[in-house]
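Participant: Any chance you can model this:
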Amino acid sequence: MATMVPQLVFHSLDTPDQAPNDDIVQRVIYRTDLPYRAEHSSIRYPAELNRRPTTMGALGPYVSLICGHQDYIENCVLLSAVQAVGSAARLREIRAGAYTYVHRFRHRATN
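Facilitator: Okay, here's the model as predicted:
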């Protein structure tokens with residue numbers, strides 16, 4: 001089975017000027033040095049993580065960037081990621097078992 005390994009990047013911000021711009025965000029999330037093009041991006045900026053000028057949250061495929069949030073918010077993000085990865089792994093196990101039983105049933109039905 002495939003392994004899901006999300007990355008969480010936490011960064012402190014003291015002033016709004018320290019917030020990373022869209023180009024830096026896409027370089028962190030996509031881990032590549034390409035020019036930023038909003039029309040080709042799947043990065044999301046949830047309103048709840050971007051309420052204040054000194055806080056920022058950007059979510060991409062397998063990488064999340066959290067900036068300027070209090071410790072308890074960062075802890076919640078970490079625990080949510082752990083829960084999501086654990087749930088996804090369990091669902092993959094259930095799906096694999098279900099496909100095995102369906103395959104056995106179909107094979108038995110043809111005999």
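Participant: And the helices in the protein, which stretches?
Facilitator: 22-30, 71-110 (DSSP state H).
Participant: what's in contact with the shortest one?
Facilitator: For helix 22-30, the external contacting residues (Cβ atoms under 8 Å, 6 or more residues apart in numbering) are 9, 20, 33-36, 38, 41, 43, 58, 60-61, 63-65. No exception for glycine: its C-beta is placed from N, CA and C like everyone else's.
Participant: now these: which count as buried?
Facilitator: 20, 43, 58, 60, 63-65 (16 or more other Cβ atoms under 10 Å).
Participant: Could you list which of those belong to strands?
Facilitator: Using DSSP state E, the subset of these located in strands is 58, 63-65.
Participant: returning to what we had before: closest to residue 83 among the buried ones among the contacts of helix 22-30?
Facilitator: If you rank the buried ones among the contacts of helix 22-30 by distance to residue 83 using Cβ to Cβ, residue 64 comes first, at 14.0 Å.
Participant: per-residue pLDDT, the closest one?
Facilitator: The score at residue 64 is 91. That number is its pLDDT.
Participant: so what's it up against?
Facilitator: 6-9, 29, 57-58, 77, 81.
Participant: One more pass at 7 Å, please.
Facilitator: 6, 8-9, 77 (Cβ atoms under 7 Å, 6 or more residues apart in numbering).
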